[in-house]
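>>> turn this into a model:
(2 chains)
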Protein chains: 2
Amino acid sequence: MAAPRFDVLGIGNAIVDVIARTDDDFLIAQKMQKGGMALIDEARAKAIYDAMGPAIEISGGSAANTIAGVASFGARAAFVGKVKDDALGRIFRHDITKAGVTFDTRAAADGPSTACSYIMVTPDGERTMNTFLGAAQNLHPDDIDAAQIADAAITYLEGYLWDPKDAKDAFLKAAKIAHGANRMVALTLSDAFCVDRYRAEFLKLLRDGVVDLLFANEAELKSLYETADFDTALSALRKDAKLAAVTRSEKGCVVVSRDKSEAVPAASVERVIDTTGAGDLFAAGFLTGLARGRDHVTAGRLGALAAAEVIQHLGARPETSLKDLAQENGLAV
Amino acid sequence: MAAPRFDVLGIGNAIVDVIARTDDDFLIAQKMQKGGMALIDEARAKAIYDAMGPAIEISGGSAANTIAGVASFGARAAFVGKVKDDALGRIFRHDITKAGVTFDTRAAADGPSTACSYIMVTPDGERTMNTFLGAAQNLHPDDIDAAQIADAAITYLEGYLWDPKDAKDAFLKAAKIAHGANRMVALTLSDAFCVDRYRAEFLKLLRDGVVDLLFANEAELKSLYETADFDTALSALRKDAKLAAVTRSEKGCVVVSRDKSEAVPAASVERVIDTTGAGDLFAAGFLTGLARGRDHVTAGRLGALAAAEVIQHLGARPETSLKDLAQENGLAV
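All right, here's what the predicted structure looks like:
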């Protein structure tokens, strides 16, 4: 088998984030669930934008953030996702391409606008997201380039996108191609609401071996196994997943495989500014480590480093070279 | 005379900033003059955007930043400037309106796109700007609402906009209305290149009393009087200007009137992240102080506080309440 052209290829929602600082009262008045992600339609998007304060626009999207992180580590990265050919779509394409990511998915010429996520950041650094999926949800199996998938050591799927029929089919097509080329398939559960909605389907993806590596945070994992007890959920996970990385915010992460669990501490953080992208960047480090043949604990430490970088500034894409950061921490990739 | 409805009304370019971190080599390769502002056409805008790295989009524009700062101090503020009715134009309108600023200028339905400025921020925090003026330069005397101008204690003009014939006429119309209502007219020289281009016209505006208050930084002032000696320039300025505030970066500012010069120190800064908007926010504080009847030194201190806030983060609009910041520093406005 030839060496893959890409270390990691991500498939997900192509989104531009619209970020505003706000207070908790705003979330209450707007009936937003703090820390969560809500899908909104165009009318609600307009209402939220009209209500929220001055904002900044930064490219986002969960898997897209992860892939930008992979590129920042100096690894070879590709992204598959749908924008429209409009102003936000061109911003998204510019930013991910200039981050060093291969992004060949054709923009939609018509239909709904490029996706955007209205993100409220409260003084404690917590982010609350409201996403208008627009063009992003129109990802289609035809957008999957078989040669590109076969040429990626790991194909990474975003749970947020597991919703429209076409996007699910695109996932399954990509997973099949990846496994046919002896590559690895990873999935993030993305959000507890995704798990609530698709618990059975996500478990089936795991148990059928469609997914080799699972990313989840504590809330998502508990939701997956419908338990309030973390250890119970972890034991269940070990039976279902070949490999999983479970993130626990400031408590670090646990890497779970069939034969063991390994805890990796979080990296130190001076001050949390905006938690947007914490999970995405953890995945970036972990995936990069794995794709580059590092052991699970080293991969976890790379994830922790990247997550710590991204929560210390506004926006979900790294602002400093993760490659340099890894080197400074004795973790050359 | 009734109390004015607005403390400060600003007239300037309505611009969305596209900000990327870069190194000095990029500036050299792109033949950009570090620290300066260059006007660019659409083709050059495209070439720069294609060459620059991942960016963030934040509303900007010199006088617009100043006016957002005035509103952040809790003062009553209005802005006059031209956007197109496009994605960036809607972002600009959202951000300035939500900053608490009255912004009634009609968007252009056709013609060039909303202005944007490609801003490179080097590791030392210095910003280098390349501005595509687009719709902004089509500001017309018809966009000046006489009642609004007459109802503002200070009308503030941005030197950057002193270029197209229609915009100049809009300025002169506004100044005439303001003086007819016994209000004050202020002008910023904006950039040494503006001064180079329009030295004689700017001096005439001062000497004819069209402008009551001048803002300039050291480089602009030296350029205005074509001298390398700061004190020589300052002496000349005292003869021409009723009142002027000259900013000197970390050396603070000098407030110059016919009978005296008063130095005001800079506010303390932990770390300079991005100098974009330093001059704009100084003007915000100074204008707010003056409009609220504070003495020149207090106005200068308010300016110094606002400038210090804005250079400690990316982007040229305040991220914290300047009203609170002023109060914490014993300078309630």
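>>> CA only for contacts and neighbour counts going forward, please
Noted.
>>> my guess is A:Ala167 contacts A:Asp143. True?
No - the criterion here is CA atoms under 8 Å, and A:Ala167 misses it with A:Asp143 at 9.6 Å.
>>> in terms of neighbours, single out the busier of the two.
A:Ala167 (23 against 17; other CA atoms under 10 Å in any protein chain shown).
>>> contact partners for that one?
A:Gln137, A:Asn138, A:Leu139, A:His140, A:Pro141, A:Leu161 (CA atoms under 8 Å, 6 or more residues apart in numbering or on different chains).
>>> report the closest residue of the stretch 201-333 of chain A relative to chain B.
Going by CA to the nearest CA, chain B is nearest to A:Glu319 of the stretch 201-333 of chain A, at 8.4 Å.
>>> what about that residue, neighbour count?
A:Glu319 has 17 nearby residues by other CA under 10 Å.
>>> so is it in a helix, a strand, or just coil?
With DSSP: H, G, I helix; E, B strand; the rest coil as the basis, A:Glu319 sits in coil.
>>> measure how buried A:Asp17 is and give me the count.
Neighbour number of A:Asp17 under other CA under 10 Å is 27.
>>> A:Asp259 too?
Neighbour number of A:Asp259 under other CA under 10 Å is 9.
>>> so what pLDDT did it get?
If you check A:Asp259, the pLDDT there is 87.
>>> lowest-pLDDT helix or strand in chain A?
Here the helix or strand of chain A ranked lowest by mean pLDDT, DSSP states H and E is strand A:37-39, holding a mean of 92.
>>> what strands flank that one, and is each parallel or antiparallel?
The strands that strand A:37-39 pairs with in its sheet are strand A:127-132 (parallel) (by DSSP bridges).
>>> which SSE is immediately downstream of the partner strand?
Remark: after strand A:127-132, the chain's next helix or strand is helix A:146-150, criterion DSSP states H and E.
>>> alpha carbons of that next one, as PDB, please.
C-alpha atoms of helix A:146-150 as PDB (Å, rounded to 0.1, in the frame of the first residue of the first chain):
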ATOM      1  CA  ALA A 146     -13.300   8.100  -4.200                       C
ATOM      2  CA  ALA A 147      -9.600   8.600  -5.000                       C
ATOM      3  CA  GLN A 148      -9.200  11.300  -2.400                       C
ATOM      4  CA  ILE A 149     -10.800   9.200   0.300                       C
ATOM      5  CA  ALA A 150      -8.700   6.200  -0.600                       C
END
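>>> packing partners for it?
helix A:165-180 (3 or more CA pairs under 8 Å, 6 or more residues apart in numbering or on different chains; DSSP states H and E).
>>> for the stretch 51-200 of chain A, just list every one of the helices.
A:62-72, A:87-98, A:146-150, A:165-180, A:192-207 (DSSP state H, counting those that start in this stretch).
>>> wait, doesn't A:Val310 sit right on A:Ala316?
Yes - applying CA under 8 Å as the test, A:Val310 and A:Ala316 come out as touching, 6.1 Å apart.
>>> find the residues that touch each one of the two.
With CA under 8 Å, 6+ apart as the test, A:Val310 and A:Ala316 both reach A:Thr276, A:Gly277, A:Ala278, A:Leu281.
>>> top of these by number of neighbours, please.
A:Leu281 (33 neighbours).
>>> distance check, it against A:Leu203.
Plainly put, A:Leu281 is 24 Å away from A:Leu203 if you go by CA to CA, to the nearest Å.
>>> cool, and A:His296?
Taking CA to CA, one finds A:His296 at 23 Å from A:Leu203.
>>> off-centre distance for stretch A:126-138?
The chain centre lies 13 Å from the centre of stretch A:126-138; the measure is CA atoms, centre = their mean, to the nearest Å.
>>> could you pull up the mean pLDDT of it?
96.
>>> neighbour-wise, which of A:His296 and A:Leu203 wins?
Legend: neighbour count by other CA under 10 Å for A:His296 and A:Leu203, higher for A:His296 (23 against 18).
>>> hang on, the more buried one packs against A:Val255?
Yes - at 6.8 Å, A:His296 and A:Val255 qualify as touching, with contact defined as CA under 8 Å.
>>> thanks again, I'm all set now.
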